[in-house]
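Asks: Using only what follows, build the 3D model:
(chains A and B)
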Amino acid sequence: MKQPKIKLIVLAIIAILLITIFMLIKVSSNNWEYVIPRRAIKIVAILLTGGCIAFTSMVFQTITNNRILTPSILGLDSLYLFIQTAVVFLFGSSTMTMMNSNINFLVSVALMVLFSSILYKLFFNREDQNILLLLLIGIVMGSFFSSVSSFMQVLIDPNEFLIIQDKMFASFNNINTNILTISLIIVAVVSIYVTRYSRFFDVMSLGRDQAINLGIDYEKVVRNMLIVVSILVSVATALVGPITFLGLLVVNLAREFLKTYKHSTLITGSILLSIISLVGGLLIVERVFTFSTTISVIINFVGGVYFIYLLLKERRAW
Amino acid sequence: MKIKYLFILLIVLSIISLFVGVIDIHPKNIFHLTAEQKEILLISRFPRLISIIIAGVSLSICGLIMQQISRNKFVSPTTAGTMDWARLGILVALMLFTGESPIIKMIIAFVFALCGTFLFMRILNMIKFKDAIFIPLIGLMLGNIVSSITTFFAMKYDLIQNMSSWLQGDFSLIMAGRYELLYISIPVVIIAYLYANKFTIAGMGEDFSINLGLNHKRVVNIGLIIVALVSSVVLLTVGMIPFLGLIIPNIVSLYRGDNLKNSLTHTALLGAVFVLFCDILGRVIIYPYEISIGVMVGVIGSGIFLYLLLRRKTYEAA
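Replies: Below is the predicted model of the structure:
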């Protein structure tokens, strides 16, 4: 019982260390006034994203009861980008620029919750669910949504599109700080809400039948958690854009590293790992490669290799 | 659908394709064109039509051959990563052989595509328990990994802009003098016709085909070489057209069955009709601008792929 705690503390120390390095590297007495606030905003966005991705992946794996699926592999983040494009497409950018970016964000999140529940109903709530089929459907769905998004982006007047593009489509070099405050509020509210459910997760990971047997209103918990997942995925995607394999990597790393089934430990561990890999990755990208590449590329490479390994390994176990 | 109707459809669409465009050329004036109109027809419209037909025909036949050899309905140049390997090859060619002619670049892309496809087939052989869904999943993931390597190096050497023109298929850049490389696929397609029976037998499995006196290994190798060659030629001249090699053979085999000799002509014609249709649609929707063929086929193709996957599911449940 004691060991995971020590490991968590070690992870936390590494995370804090990396954040301090990130904040203080190349700061001198002349430029700190300019540098520190900018970096602080960036780091807050990264912490939020990392936390959201780790948490959603862990919860998603628990409620769908498997270790390969994560929301972004199933294409939820391209769904979010699709919804945002669709909102601009349908309402036009003139209303969009007038509309506060916060309101735009909230509308997208609401639509996201609606759509992902429909998708869940369509594909998951079946008796004959086959994980591999779901995965393939998810991947194809992801490319479907991104093709439709780029289709609509072409249809939008190019001039209008350029105006909104900067605002809407984030990446690590272009973190969307406009919605930082509202994301903070959303994440805070959601975390308070989730603490009520956190004790259910351990029981849920035993499987549907066991959990119901032990007195959990399974369907209701799954439904509510799915809403939470889609809200947090929207937050993460809106802040820095899609990072497909981060969730899968950190969740499985946390499981391997902590060797426990307790969700309170696992979730904390994976959030810390996710922060470490994002901040550490950014440091490497900005200082070692000096901006010639983006961190998502590296994460996608490592994650893809690991994903194939996981698939092949699982296969052998069956 | 009779072959006659497909053929008539192809001719009608071809004629429409010749007369759709920004410069107005009316069919009525076909016998007294101005010099300018004649030039447009010869330099832009005809090459475009020819390249559309060649690309559509050869990519769909590639898909059909791959599906026969791997005995899996969901394998195609897109889902096996062949396209991504060819793109990596083009990147290498751009980096190391900057001044060389397109032929050299194509050969390098071809070598990469061939190696990648062989690697994929090796992995297929390693997997003992074959699942129709599992195999394209592995292929897509391998493709993702390869394309993240490509992006990484493209970013490092400032070739992203150059590369992205190979990301999205686009016929609007096709002009006389820029597409002649595509003619290489014509003899390749003819070879595919000559080998049709052998591919059908190879599709029955290694033991069975050896039993029937077929040099299984050689037939498979010839098939893979055809696929890699055509993929890299199309990629270099037109760009990436996703899912084409997957959906066309599947649709044809729904009503023609799996004997290659019966379905080859249908596949070829339907492929050309489909690409031609998508291209005309893309040219008309936001006239006078254009939607690139990659996006059009991406939207329609991934939609059809999803339908095929889900249809298979209900079919299995029944």
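Asks: what helices or strands is the helix or strand where residue A:224 lies leaning on?
Replies: Taking DSSP states H and E as the definition, residue A:224 sits inside helix A:218-240. Helix A:218-240 is packed against helix A:32-64, helix A:76-98, helix A:101-123, helix A:180-195, helix A:198-204, helix A:208-213, with contacts defined by 3 or more Cβ pairs under 8 Å, 6 or more residues apart in numbering or on different chains; DSSP states H and E. (Each C-beta comes from the backbone N, C-alpha and C, glycine too.)
Asks: Surely residue A:153 is in contact with residue A:86?
Replies: No: assessed by Cβ atoms under 8 Å, residue A:153 is found out of contact with residue A:86, at 10.5 Å.
Asks: Low-confidence regions, chain A specifically.
Replies: Within chain A, the stretches with pLDDT under 70 are A:1-2, A:92-100, A:123-130, A:157-170, A:290-293, A:314-318.
Asks: Return the residues of the stretch 1-150 of chain B in contact with chain A.
Replies: Contact residues (Cβ under 8 Å from any Cβ of the partner chain) of the stretch 1-150 of chain B with chain A: B:74, B:127, B:129, B:131, B:133-134, B:136-138, B:140-142, B:144-145, B:148-149.
Asks: among those, who's most crowded?
Replies: Using other Cβ atoms under 10 Å in any protein chain shown as the neighbour criterion, residue B:136 leads the residues of the stretch 1-150 of chain B next to chain A with 28 neighbours.
Asks: hang on, the earlier thing: what's the angle from the helix holding residue A:224 to helix A:101-123?
Replies: Using axes from the mean of the first three to the mean of the last three Cα atoms, to 10 degrees, one finds that helix A:218-240 and helix A:101-123 are set 140 degrees apart in direction.
Asks: Which single residue in chain A comes nearest to chain B?
Replies: In chain A, the residue found nearest to chain B is residue A:147; the distance is 3.3 Å by Cβ to the nearest Cβ.
Asks: and the helix or strand hosting that residue, what does it pack onto?
Replies: Residue A:147 is part of helix A:131-155, with elements assigned from DSSP H and E. Here helix A:131-155 touches helix A:76-98, helix A:101-123, helix B:134-156, helix B:293-317, going by 3+ Cβ pairs under 8 Å, 6+ apart.
Asks: and the ones you listed, which is most packed in?
Replies: The highest mean neighbour count among the helices and strands packed on helix A:131-155, using mean count of other Cβ atoms under 10 Å in any protein chain shown, belongs to helix B:134-156: a mean of 22.
Asks: Just list what that helix packs against, helices and strands only.
Replies: By 3+ Cβ pairs under 8 Å, 6+ apart, helix B:134-156 packs against helix A:131-155, helix A:295-317, helix B:82-96, helix B:102-126, helix B:160-167.
Asks: tell me the contacts of the most centrally placed residue in chain A?
Replies: What sits nearest the mean C-alpha location of chain A, by Cα atoms, centre = their mean, is residue A:53, with 2.8 Å. By Cβ atoms under 8 Å, 6 or more residues apart in numbering or on different chains, the residues touching residue A:53 are A:72, A:236, A:243, A:246-247, A:250, A:274.
Asks: Next: residue B:219.
Replies: If you count contacts by Cβ under 8 Å, 6+ apart, residue B:219 has them with B:69, B:195, B:198-199, B:201-202, B:209.
Asks: you'd agree it is in a helix?
Replies: Yes: the assignment for residue B:219 (DSSP: H, G, I helix; E, B strand; the rest coil) places it in a helix.
Asks: measure it to chain A for me?
Replies: The gap separating residue B:219 from chain A is 28 Å, by Cβ to the nearest Cβ, to the nearest Å.
Asks: just residue B:266 next, same as before
Replies: From residue B:266 to chain A the distance is 24 Å (Cβ to the nearest Cβ).
Asks: CA atoms only for the helix or strand containing residue B:250 - export them in PDB, please.
Replies: Here residue B:250 sits within helix B:244-256, counting by DSSP H and E. This file holds the C-alpha atoms of helix B:244-256, laid out as PDB (Å, rounded to 0.1, in the frame of the first residue of the first chain):
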ATOM      1  CA  LEU B 244     -10.600   4.300 -53.300                       C
ATOM      2  CA  GLY B 245      -8.900   0.900 -53.500                       C
ATOM      3  CA  LEU B 246     -11.000  -0.200 -50.600                       C
ATOM      4  CA  ILE B 247     -14.600   0.700 -51.500                       C
ATOM      5  CA  ILE B 248     -14.700   0.100 -55.200                       C
ATOM      6  CA  PRO B 249     -13.700  -3.600 -55.100                       C
ATOM      7  CA  ASN B 250     -16.000  -4.200 -52.200                       C
ATOM      8  CA  ILE B 251     -19.000  -2.700 -53.900                       C
ATOM      9  CA  VAL B 252     -18.300  -4.700 -57.100                       C
ATOM     10  CA  SER B 253     -17.900  -7.900 -55.200                       C
ATOM     11  CA  LEU B 254     -21.300  -7.400 -53.600                       C
ATOM     12  CA  TYR B 255     -22.900  -8.000 -56.900                       C
ATOM     13  CA  ARG B 256     -20.200  -9.800 -59.000                       C
END
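Asks: Find the residue ranges of chain B scoring beneath the pLDDT cut-off.
Replies: Ranges of chain B meeting pLDDT under 70: B:1, B:27-30, B:128-131, B:160-168, B:312-318.
Asks: Can you name the residues that contact whatever residue of it ends up closest to chain A?
Replies: Residue nearest to chain A within chain B (Cβ to the nearest Cβ): residue B:298, separated by 3.3 Å. Shown in contact with residue B:298 (Cβ under 8 Å, 6+ apart): A:143-144, A:146-147, A:150-151, B:242-243.
Asks: Give me the spatial nearest neighbour of residue B:65, chain neighbours excluded.
Replies: residue B:223 (4.8 Å; Cβ to Cβ, 6 or more residues apart in numbering or on different chains).
Asks: before we move on, what about residue B:189?
Replies: Nearest residue to residue B:189 in three dimensions, chain neighbours excluded: residue B:58, at 5.4 Å (Cβ to Cβ, 6+ apart).
Asks: now for the helix or strand hosting that neighbour, which elements pack on it?
Replies: Counting by DSSP H and E, the element that carries residue B:58 is helix B:46-70. Judged by 3+ Cβ pairs under 8 Å, 6+ apart, the packing partners of helix B:46-70 are helix B:3-19, helix B:102-126, helix B:185-194, helix B:196-202, helix B:216-237, helix B:244-256, helix B:260-285.
Asks: picking up where we left off before, out of the helices and strands packed on helix A:131-155, nearest to residue B:182?
Replies: Shortest distance between residue B:182 and the helices and strands packed on helix A:131-155, using Cβ to Cβ, is found for helix B:293-317: 13.9 Å.
Asks: Now tell me what touches stretch A:5-18 from outside.
Replies: A:257-258, A:265, A:268-269, A:272-273, A:275-276, A:279-280, A:283.
Asks: Kindly export that stretch (C-alpha atoms) in CSV.
Replies: Presented in CSV, the C-alpha positions along stretch A:5-18 are these (Å, rounded to 0.1, in the frame of the first residue of the first chain):
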residue,chain,number,x,y,z
LYS,A,5,2.3,6.4,-2.6
ILE,A,6,6.0,6.8,-2.8
LYS,A,7,5.9,6.4,-6.5
LEU,A,8,3.2,9.1,-6.8
ILE,A,9,5.3,11.5,-4.7
VAL,A,10,8.3,10.8,-7.0
LEU,A,11,6.2,11.6,-10.0
ALA,A,12,4.9,14.7,-8.4
ILE,A,13,8.4,15.9,-7.6
ILE,A,14,9.5,15.3,-11.2
ALA,A,15,6.5,17.2,-12.5
ILE,A,16,7.1,20.2,-10.3
LEU,A,17,10.8,20.1,-11.3
LEU,A,18,10.0,20.1,-15.0
